[in-house]
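S.K.: no sequence for this one, just the structure:
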């Protein structure tokens, strides 16, 4: 007769701990694992086996009923009350005031969701997820939630440009001064915080943090204790994860090492990879995700989408050279364009840009996306010279990871033609009066393409245009075009146009 094991299941705001964890539970581990069939290994596992203490730490993926059914002899211990007491003790340290309220009914509905606490389980409100489209005020609502609930937040971002945007919005929406916002990026910024006095710490209202700073710290030290010490030092009560579909491994790590509640923000709450998305959805299975359709029902599309098809006529060797065992290689394709077909490629973009978008030399704020920096640099240099030769009075700038942080917001605001990469421009960018986005990148992910199209915000009384340039000489790009036209463009378009050039 098998020995009956008695144990405990501890509930925290963003994690669950099963103790002891003596045998592999395939139901839990399989649902939280991303298996790579090429390398025969796990790319990611959303759980932590603490072998030294015979514990398993997982996200709040399962309900109490499911946990009890898997471990009938384990007692559920709810530690969330203790965590709530800690968070309450650190609220109202320094008052923050909003400069204005919600702009419309949608934002009022969002705030009702954020401030709602379930009567059946008030602790479920310790995890909230806003899945709002770009332009509907995720940042404003997050800031108002922080102010309304007197939180001390740490806001995680994956790009410095997003940190700058958060700082700009916080000072716009609230009475917070720039020196009351602290940006954590790199070990020196962490060390500086740890050496501050309590009085200096309490004068800071908002902490903004680069994901990688803390995850690299965990990787280098092999321990999360430094992060816990930091969180205690700065006395935060809330973790806010911007672009929560991107750094999901980092989000998992932060949620597994802290006893604080979390707010997740994303216009596309899913992963582009099918296997990763399965695990991602399981991580947030018990978290209520507020989506656009719950706020506006069937929303009105505003994107005019123009699909341009051209054929660079690659030979069989050239087409095969752009393929790997993982599929079509965007980087190799960009190299092919740059070194073998550049003049034809550039000619197509110029035709779209100068004969259609900027016809009669009427300015329309435009961004052009490239797959690699090398291809971007070549196009940028040629475009500058072409505009000079043609006496086009246009402000043209590059916007990449190499752009100086103090210049990023100014470039986005003051440039007529922004030359950028999909990596730099696909997440969280708020570009005022952007009317045209020209994409040259062959996306294989519907999710990523949707994010890129979403960089075009709705401008009342104005048309916004997404232009997609596709080299149908490649079978992989033809297939991608067929898929995205049927899945993404038919869903998002106000008007859909298809041209051969």
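M.R.: Right, received. Where do you want to start? Bear in mind that the values here come from a model prediction, so they are computed numbers and not experimental data.
S.K.: okay but residue 73 is in contact with residue 5, surely?
M.R.: Yes: with contact defined as CB atoms under 8 Å, residue 73 reaches residue 5; the gap is 6.4 Å. Backbone N, C-alpha and C define where each C-beta goes, glycine included.
S.K.: Name all residues that make contact with residue 211.
M.R.: 156-158, 247, 250-251 (CB atoms under 8 Å, 6 or more residues apart in numbering).
S.K.: Among those, which one lies nearest to residue 356?
M.R.: Compare each of the contacts of residue 211 with residue 356 using CB to CB and the shortest gap goes to residue 158, at 34.1 Å.
S.K.: Pull the most distant pair out of the contacts of residue 211.
M.R.: The span of those, defined through CB to CB, is set by 157 and 251 at 11.9 Å.
S.K.: sec struct for the closest residue to residue 125 other than its chain neighbours, please.
M.R.: Computed as CB to CB, 6 or more residues apart in numbering, the closest residue to residue 125 that is not its neighbour in sequence is residue 117, at 4.6 Å. Secondary structure state of residue 117, per DSSP: H, G, I helix; E, B strand; the rest coil, is coil.
S.K.: Distance check, residue 117 against residue 84.
M.R.: 11 Å (CB to CB, to the nearest Å).
S.K.: between those two, which one's more packed in?
M.R.: The neighbour comparison of residue 117 against residue 84 (other CB atoms under 10 Å) goes to residue 84, with 17 against 10.
S.K.: And residue 80, its phi and psi?
M.R.: For residue 80, the backbone dihedrals are phi -70, psi -30 (criterion: degrees, to the nearest 10).
S.K.: That one contacts residue 12, correct?
M.R.: Yes: counting by CB under 8 Å, residue 12 is a contact partner of residue 80 at 6.4 Å.
S.K.: More neighbours: which of those two?
M.R.: More crowded of residue 80 and residue 12, by other CB under 10 Å: residue 12, with 22 against 19.
S.K.: which residues sit in contact with that one?
M.R.: By CB under 8 Å, 6+ apart, the contact list for residue 12 reads 79-80, 83, 259.
S.K.: Which pair in those has the greatest spatial separation?
M.R.: Using CB to CB, the pair of those lying farthest apart is 80 and 259, separated by 8.5 Å.
S.K.: can you map out the strands along the stretch 1-150 of the chain?
M.R.: Using DSSP state E, counting those that start in this stretch, the strands found in the stretch 1-150 of the chain span residues 7-11, 16-19, 33-36, 41-45, 48-50, 55-58, 74-78, 127-131.
S.K.: Include distance to residue 468 and mean pLDDT when you put those strands into TSV, please.
M.R.: Shown next, in TSV, are these (distance: least, CB to CB, whole Å; pLDDT from 0 to 100):
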stretch	distance to residue 468	mean pLDDT
strand 7-11	47	95
strand 16-19	43	96
strand 33-36	30	91
strand 41-45	30	90
strand 48-50	42	93
strand 55-58	40	96
strand 74-78	51	95
strand 127-131	25	93
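S.K.: Using CSV, lay out those together with distance to residue 433 and mean neighbour count.
M.R.: Formatted as CSV, those follow (distance: least, CB to CB, whole Å; neighbours: other CB atoms under 10 Å):
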stretch, distance to residue 433, mean neighbour count
strand 7-11, 48, 17
strand 16-19, 46, 20
strand 33-36, 40, 16
strand 41-45, 39, 13
strand 48-50, 46, 14
strand 55-58, 45, 21
strand 74-78, 50, 13
strand 127-131, 25, 21
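S.K.: so which of these comes closest to residue 500?
M.R.: strand 127-131 (36.9 Å).
S.K.: Pretty sure residue 449 sits against residue 491.
M.R.: No: in this structure residue 449 lies outside contact range of residue 491 using CB under 8 Å: 10.8 Å.
S.K.: out of the two, which sits in the busier spot?
M.R.: The residue with more neighbours, out of residue 449 and residue 491, is residue 449; 27 against 11, by other CB under 10 Å.
S.K.: now the closest residue to the more buried one other than its chain neighbours: how far from residue 423?
M.R.: Closest residue in space to residue 449, ignoring its immediate chain neighbours: residue 443 at 4.3 Å, by CB to CB, 6+ apart. Here residue 443 is placed at a distance of 12 Å from residue 423 (CB to CB).
S.K.: Equivalent analysis for residue 341, please.
M.R.: Relative to residue 423, and taking CB to CB, residue 341 is found at 22 Å.
S.K.: Check residue 408 too.
M.R.: Residue 408 is 14 Å from residue 423, by CB to CB.
S.K.: pLDDT below threshold where in the stretch 51-200 of the chain?
M.R.: Judged by pLDDT under 70, the stretch 51-200 of the chain has its weakly predicted residues at 92, 118-121.
S.K.: Could you give the bridge partners of the spatially closest residue to residue 399 that is not a sequence neighbour?
M.R.: Spatial nearest neighbour of residue 399, excluding adjacent residues (CB to CB, 6+ apart): residue 420 at 4.3 Å. On the basis of DSSP bridges, residue 420 takes part in beta bridges with residue 369, residue 399.
S.K.: Could you pull up the contacting residues of residue 420?
M.R.: Residue 420 touches 367-370, 376, 398-400, counting by CB under 8 Å, 6+ apart.
S.K.: Try it again at 7 Å.
M.R.: Applying CB atoms under 7 Å, 6 or more residues apart in numbering to residue 420 gives the contacts 367, 369, 399-400.
S.K.: Which of these has the largest number of neighbours?
M.R.: Counting neighbours by other CB under 10 Å, residue 369 comes out on top of those with 25 neighbours.
S.K.: Which residues are in contact with the closest residue to residue 83 other than its chain neighbours?
M.R.: Spatial nearest neighbour of residue 83, excluding adjacent residues (CB to CB, 6+ apart): residue 259 at 4.4 Å. Applying CB under 7 Å, 6+ apart, we find residue 259 in contact with 12-13, 83.
S.K.: Out of those, the closest to residue 213 would be?
M.R.: residue 13 (22.2 Å).
S.K.: Against residue 263, how distant is the closest one?
M.R.: In terms of CB to CB, residue 13 sits 11 Å off from residue 263.
S.K.: now do residue 208
M.R.: As judged by CB to CB, residue 208 and residue 263 stand 14 Å apart.
S.K.: Residue 443 and residue 423: which is more packed in?
M.R.: The neighbour comparison of residue 443 against residue 423 (other CB under 10 Å) goes to residue 443, with 26 against 16.
S.K.: residues contacting that one?
M.R.: Residue 443 touches 449, 480, 484, counting by CB under 7 Å, 6+ apart.
S.K.: With residue 336 instead?
M.R.: 318, 322.
S.K.: Which strand or helix spans it?
M.R.: helix 330-340 (DSSP states H and E).
S.K.: which of the residues in the helix or strand following that helix are buried?
M.R.: Using DSSP H and E, the next helix or strand after helix 330-340 towards the C-terminus is helix 342-352. Going by neighbour count (16 or more other CB atoms under 10 Å), the buried part of helix 342-352 is 345-346, 348-349, 352.
S.K.: Thank you kindly, that will do.
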